[in-house]
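Enquirer: the sequence isn't on hand, but the structure is:
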């Protein structure tokens, strides 16, 4: 067998490295695009009117979030806000009964989505997070009562909020994401808050896509090794 010239070896090596680099770039691109594409509008409720109560049937921000049961209060006082200016108090305007806030999301059928949000409470409560009426896997059934002890410096309360996560597989091109809470304070209690803030919903990589990409990378790796072996003969 005729040995390859040094220039041919260099060209083969360059092409192999380029193919491998392209595969790696595709892998990173898939991961980054899947996790970065938050599909929730007004995730921090910043477009809502702070200090206002919104009843069932009304939008808090002109169309993104709608109160679908009971009533909610938009808080803009630092102790009850996780980030930026606003957060939603799901119980402050309407105690002892369920209160729901909903957003219609555009989703891809069969795609898995991860959900995250920050929450805190100072009363006994029941809580649910549903998509099209189905409980989101991993979501809490009540929000931890860490309280809001610092009424002056809101930054002192930021650490009291808990990051909750869940996931669901979209069964429709439209998914109604609904937060519901019922506050049940003790008699004569001054506490009344179940707060949520910074909601995020993002598609996650499908296992089949990851396996396919990894298989391609392994195949390219084998191709690189074979070409190197041929070039060495």
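Expert: The structure has been received and is ready for your questions. Keep in mind that this is a model prediction, so the values were computed, not measured. Numbers count the residues shown, from 1 in each chain.
Enquirer: which stretches of the protein form strands?
Expert: Along the chain, the segments classed as strands by DSSP state E run 53-55, 66-69, 71-75, 87-89, 99-106, 112-121, 125-131, 134-135, 162-169, 174-183, 194-203.
Enquirer: just checking: what are the partner strands of the fifth one?
Expert: Using DSSP bridges, the strands paired with strand 99-106 in its sheet are strand 66-69 (antiparallel), strand 174-183 (antiparallel).
Enquirer: pLDDT on the shortest one, on average?
Expert: Confidence for strand 66-69, expressed as mean pLDDT, is 98.
Enquirer: from residue 147, how far off is residue 156?
Expert: Counting by CB to CB, to the nearest Å, the separation of residue 156 from residue 147 is 12 Å. Every residue, glycine included, has its C-beta placed from N, CA and C.
Enquirer: pull the distance from stretch 74-82 to the chain's centre.
Expert: Centroid displacement of stretch 74-82 relative to its chain, using CA atoms, centre = their mean, to the nearest Å, is 21 Å.
Enquirer: measure that stretch end to end?
Expert: 13 Å (CA to CA, to the nearest Å).
Enquirer: got the buried residues for that stretch?
Expert: By neighbour count on 16 or more other CB atoms under 10 Å, the buried set for stretch 74-82 is 74, 75, 76, 78, 79, 80, 81, 82.
Enquirer: ok, the fifth one to residue 149 distance?
Expert: Separation of residue 79 from residue 149 (CB to CB) stands at 8 Å.
Enquirer: who touches both of the two?
Expert: In terms of CB atoms under 8 Å, 6 or more residues apart in numbering, residue 79 and residue 149 are both contacted by the residues 156, 157.
Enquirer: what's near enough to touch the closest residue to residue 133 other than its chain neighbours?
Expert: Of all residues beyond its chain neighbours, the one nearest residue 133 is residue 176 (7.6 Å), with distances taken as CB to CB, 6 or more residues apart in numbering. With contacts defined as CB under 8 Å, 6+ apart, residue 176 is in contact with 102, 103, 104, 105, 130, 131, 132, 133.
Enquirer: just list whatever residues bridge to the fifth one.
Expert: The residues paired with residue 130 through beta bridges, assigned by DSSP bridges, are residue 135, residue 178.
Enquirer: count of neighbours near it?
Expert: Here the number of neighbours of residue 130 (other CB atoms under 10 Å) works out to 18.
Enquirer: surely it touches residue 115?
Expert: No: counting by CB atoms under 8 Å, residue 130 does not reach residue 115; the two are 10.7 Å apart.
Enquirer: mutual contacts of those two, please.
Expert: Listed as contacting both residue 130 and residue 115 by CB under 8 Å, 6+ apart are 136, 177.
Enquirer: residues in contact with residue 87?
Expert: Going by CB under 8 Å, 6+ apart, residue 87 touches 44, 45, 74, 75, 80, 81, 195, 196, 197.
Enquirer: please name the nearest non-neighbouring residue to it.
Expert: Nearest non-adjacent residue to residue 87, counting by CB to CB, 6+ apart: residue 197, 3.9 Å away.
Enquirer: ok, now how distant is the one you found from residue 108?
Expert: 26 Å.
Enquirer: next one: the closest residue to residue 184 other than its chain neighbours, what pLDDT does it get?
Expert: Nearest non-adjacent residue to residue 184, counting by CB to CB, 6+ apart: residue 124, 4.8 Å away. pLDDT, residue 124: 98.
Enquirer: perfect, I'm done here.
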